[in-house]
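Q: need a structure here:
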Amino acid sequence: MVTQSADNGQTKKRTRRKTSSAATQTASARSLPDVTGLSMVDAARAYGSAGLAVLPVNPARPKNPGSYVGKGWPDKSSSDAEQITQWWQRWPNASIALHTGKSGLVAFDLDIDVLPDELAWMRDGLFQATRTCGERGHYVFATADTFVSGHLALTNGTVVGEVRSGNSVIVAAPSPHHKAKAEGGQYRWHRPGAIPALPVAAHTYLRTSAQRLSAQHQGAAELITDETVRQFLADTTENDRPKALASLTRKVSAARAGTRDEVRNALRIAAGEARIGLYPFAQAIAEIESAARQSYEVRGDDFDAHIGPHEYNRLIVNGVKFALSRPIEDLRAEANRQFGTDHRDTVGVFDNLTFQRTAPAVDDEAFWASRAVLTDLRQFARARRVAPWAVLGYALARAVCAIPPHVVLPALVGAEASLNLFVALVGPSGAGKGGASGAAKSWLRTEPETVIAPLGSGEGMAKVYAYKRKPTSANPAWTQVGLESAVLFDAPEVDNLAALSARNSSTLLPQLRSAYSGEDLGFSYADPAKSVRLCAYRYRLCLTVGVQPGRGSGLLDDADGGTPQRFVWLPTTDPDIPDEAPEAPAAYELPIWPTNAGASKITLGGTGALGLLDVPAKPGDLRTLTIPTVARTAIDEHRCKMLRGDAGTDPLDGHRLLCRLKVAAALMWLDRRTDEVSEQDWELAGTVMAVSDATRRSVVAALADKAQASNRARGRADTVRAVAAEEARADMDAERIERVAKNVVSILEDFDGEESRSNVRKKLVSRDRSIFEEHVEQELIESGVIEVIESAGRGSKGYRLRLVERSDSK
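A: Below you'll find the model as predicted:
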């Protein structure tokens, strides 16, 4: 973009020099030398001999092209062998950077290991990487065009790398990667030689990418004068929410790179928030400048050297322009999401999560003192410095795994119910979920020993229990071979479960819901090797999941399917833990479930449990536990309300009542009883479920806090995204203006420095004529590059344009 500056009339000369230099380099930059085995200086000279513009850069700061040569590096990059030699004599360890624009190159820096299909055309380019595998690296093409440098994004908006064009660089072989000391790696061309021309697909892609960016923000079209800014300052004096400004200035002062961008964004946001009365814009201008100076001073740098008064004033004008271009309703909405009346800082909100002691009241002491086994469990947990409720959750799951799968709950609603139990252990990262699991294993000894497996796909769960054996000469049919009849699946992080369930065509959550009820598991496949089948009541499956409060949506999002209601939610914190650890009691042993506790075909038929996994259970195969009348009544009353269509009854409460009954059965066996689920078991299970309800509410509240914080942050993020979009559009406009300005100068030079305005316009391609009329002509005149001479032509445009000759440019 041509502007008036302190160059004493050098604008025209600089314009001519850059035009010819770029053309020359573009024409010659058609081959890449083989620099394998060369020293850094020899490699740099080889690049220069090939017509590529080279720069020495600091190996520790390769992304700063001026790290050695300083400001104005685009003009200093060179292919001259003598200049290159001098550089490397001064900085012998410098890395090599190639100036893309002056070398007639465009480079695509891919930041992912696999090249997406829509970018397959990049494989035609010369490829440079620091790794020996994968497709991450630089893809280089020859081009005379200049594109907007910035994000390389797929059509769906996913950013996968960067575009390097114009005044940008790539570090080239044999330079070391800037993280070589920690990670190893040296740049290496996989195929030197002729540089392919940029394919048509790439031109189209880049244009589409640029148009997509510019389309995001259309506004700020009105002219902003000094008077506009003065009036804006006079109008924005309200101070309704001064603390909002502190957030902006903290971010600027904390910047250790990209301070100018932070200042620009802060001024735009501040102008918008001042416009709606949050604080005076004049105050924001002063405090943001002070914060920017602090940002530079901490780095030993100078605000005036990087921004200075003139540029800062320009950024102020830009901020006012941006704020005035946006609907005031949008500004208010964004400000309220970020600094609303219900603002709460979410930092540390999950650090000390405990279940909320709300109705129904939880009498901890009465629960733990009700039975010797529970007293021992809590004492063991505190001796190991882990949460008693979390240890109880793991112990209940282990106890249920020790109960044979043919032992069931009565058919209160539909068929008999399995004892299969799901437990969610809730706490922040590092709260001791793993420790609680280990403590439960050390304290509770079961017969048989609990088999633990990681949670995988829905299809894979059945294969933990059995596999299919190929036909043999002795047995020509596929045979299912049992491996386990009881498994405790464990997902230490709920994110893993969420990721597995989010896969396309995932069957995990439906299979877990089926397993909770003890229904058939497995799928019908054409391939008999995959058709593992687990029949109802022939397998025992329990599940434990670790849940960080702010990430519990992986379970709660499936509330409509009833998944969270099937879990017992227990905290991994202990607010009342004593300062001194008590002595650990002895381990607690559960014997093998007695064979006389209900006959079954497993023992009477002489067939082992593993051989019955794919054999449907008959009514006589099951052992139904006796339950207390109070439990039967509660479940029956809820079911009757549902059947009558009672609008005030939550259908998912049925899952909660069944979950309570399963906990009661687990407490029964933990008490080494097999005769019946007692009324005390039911009451104690009610206490566990009260803790579960409170813990689940804590997760819901944490997610609500997180969502609220996200929405507040999104207000500022929307503004920053709009800033980036406008900046991209401005960059494209600036490059186009500069390109057309150079063309106008070149046209006038072809006519010995003077030609009619109408003829100059005709010489431009049609797509550039509008920008010539709207911007370029006036800027060339105002900057003193050209002048207007009246002619005999008619009309308002009947004049000639002439290049201004300056004494210092001759």
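Q: contacts, neighbours, all on C-alpha from now
A: Fine.
Q: Check which residues of stretch 230-244 are buried.
A: Residues of stretch 230-244 classed as buried by neighbour count (16 or more other CA atoms under 10 Å): 232-233, 236-237, 242, 244.
Q: cool, stretch 152-162 as well?
A: Neighbour counts using 16+ other CA under 10 Å place 152-153, 160-162 of stretch 152-162 among the buried residues.
Q: and those as CSV, adding secondary structure?
A: Formatted as CSV, those follow (DSSP: H, G, I helix; E, B strand; the rest coil):
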residue, secondary structure
152, strand
153, strand
160, strand
161, strand
162, strand
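Q: Of these, which is the nearest to residue 415?
A: Nearest to residue 415 among the buried residues of stretch 152-162 is residue 160, at 52.6 Å by CA to CA.
Q: quick one, what contacts residue 289?
A: For residue 289, the contacting residues are residue 263, by CA atoms under 8 Å, 6 or more residues apart in numbering.
Q: Give me the distance from stretch 661-676 to the chain's centre.
A: Distance, stretch centre to chain centre, for stretch 661-676: 45 Å (CA atoms, centre = their mean, to the nearest Å).
Q: do stretch 115-135 as well
A: Relative to the chain's own centre, stretch 115-135 is displaced by 23 Å; criterion: CA atoms, centre = their mean.
Q: Could you give me the buried positions within it?
A: Neighbour-count burial for stretch 115-135, counted by 16+ other CA under 10 Å, picks out 115, 122, 125-131, 135.
Q: Now tabulate those residues in JSON lines and tack on distance to residue 312, pLDDT and secondary structure.
A: What follows is those, written out as JSON lines (distance: CA to CA, whole Å; pLDDT from 0 to 100; DSSP: H, G, I helix; E, B strand; the rest coil):
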{"residue": "115", "distance to residue 312": "41", "pLDDT": "89", "secondary structure": "coil"}
{"residue": "122", "distance to residue 312": "40", "pLDDT": "93", "secondary structure": "helix"}
{"residue": "125", "distance to residue 312": "41", "pLDDT": "93", "secondary structure": "coil"}
{"residue": "126", "distance to residue 312": "42", "pLDDT": "95", "secondary structure": "strand"}
{"residue": "127", "distance to residue 312": "41", "pLDDT": "94", "secondary structure": "strand"}
{"residue": "128", "distance to residue 312": "40", "pLDDT": "94", "secondary structure": "strand"}
{"residue": "129", "distance to residue 312": "40", "pLDDT": "91", "secondary structure": "strand"}
{"residue": "130", "distance to residue 312": "40", "pLDDT": "86", "secondary structure": "coil"}
{"residue": "131", "distance to residue 312": "42", "pLDDT": "80", "secondary structure": "coil"}
{"residue": "135", "distance to residue 312": "42", "pLDDT": "87", "secondary structure": "coil"}
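Q: Please name the spatially closest residue to residue 612 (chain neighbours excluded).
A: Distances taken as CA to CA, 6 or more residues apart in numbering put residue 538 closest to residue 612, at 6.7 Å, once the chain neighbours are dropped.
Q: Now for that neighbour, how many residues are close by?
A: Neighbours of residue 538 under the rule other CA atoms under 10 Å: 28.
Q: The chain should start at 120 in everything you say after this.
A: Okay, using 120 as the starting number, the last item reads as residue 657.
Q: is it true that it touches residue 522?
A: No. Residue 657 is not in contact with residue 522 according to CA atoms under 8 Å; the separation is 11.7 Å.
Q: ok, and the closest non-adjacent residue to residue 782?
A: residue 804 (5.6 Å).
Q: oh sorry, the question was meant for residue 707
A: Using CA to CA, 6+ apart, the closest residue to residue 707 is residue 563 (5.0 Å).
Q: Return the helix or strand in the chain with minimum mean pLDDT.
A: Ranked by mean pLDDT, DSSP states H and E, the weakest helix or strand in the chain is helix 130-147, scoring a mean of 34.
Q: Now stretch 195-206: buried residues?
A: Residues of stretch 195-206 classed as buried by neighbour count (16+ other CA under 10 Å): 196-200, 202-204, 206.
Q: Turn those residues into TSV, columns for secondary structure, pLDDT and distance to residue 170.
A: As requested, the buried residues of stretch 195-206 are exported to TSV (DSSP: H, G, I helix; E, B strand; the rest coil; pLDDT from 0 to 100; distance: CA to CA, whole Å):
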residue	secondary structure	pLDDT	distance to residue 170
196	coil	91	12
197	strand	92	9
198	coil	92	6
199	coil	94	9
200	helix	94	11
202	helix	95	14
203	helix	96	13
204	helix	96	16
206	helix	96	17
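Q: ok, which pair from those residues is furthest apart?
A: Maximum pairwise distance in those, criterion CA to CA, is 13.0 Å, between 196 and 204.
Q: that older thread, redo the buried residues of stretch 234-254 as a markdown table? Include distance to residue 583.
A: Formatted as a markdown table, the buried residues of stretch 234-254 follow (distance: CA to CA, whole Å):
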| residue | distance to residue 583 |
| --- | --- |
| 234 | 35 |
| 241 | 44 |
| 244 | 47 |
| 245 | 48 |
| 246 | 45 |
| 247 | 45 |
| 248 | 42 |
| 249 | 41 |
| 250 | 38 |
| 254 | 36 |
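Q: helices and strands around the lengthiest strand in the chain, which ones?
A: Counting residues, the longest strand in the chain under DSSP state E turns out to be strand 659-666. Using 3 or more CA pairs under 8 Å, 6 or more residues apart in numbering; DSSP states H and E, the elements in contact with strand 659-666 are helix 507-520, strand 541-545, strand 605-610, helix 613-621, helix 627-635.
Q: Tell me which residues of it come out buried.
A: 659-666.
Q: partners of that strand in the sheet?
A: Paired neighbours of strand 659-666 in the sheet (DSSP bridges): strand 541-545 (parallel), strand 605-610 (parallel).
Q: Residue 537 contacts residue 658, doesn't it?
A: No. In this structure, residue 537 is not within contact of residue 658 by CA under 8 Å, at 9.4 Å.
Q: Mind listing the shared neighbours of those two?
A: 524, 637.
Q: tell me the pLDDT at residue 880?
A: Per-residue pLDDT puts residue 880 at 90.
Q: any idea how far it lies from residue 571?
A: Distance of residue 880 to residue 571, computed by CA to CA, to the nearest Å: 79 Å.
Q: higher neighbour count, the two?
A: For residue 880 and residue 571, the more surrounded residue by other CA under 10 Å is residue 880, and the numbers stand at 18 against 14.
Q: Now the more buried one, what are its backbone angles?
A: Taking degrees, to the nearest 10, you get phi -60, psi -40 for the backbone angles of residue 880.
Q: I'm done for today, thanks for sticking with me.
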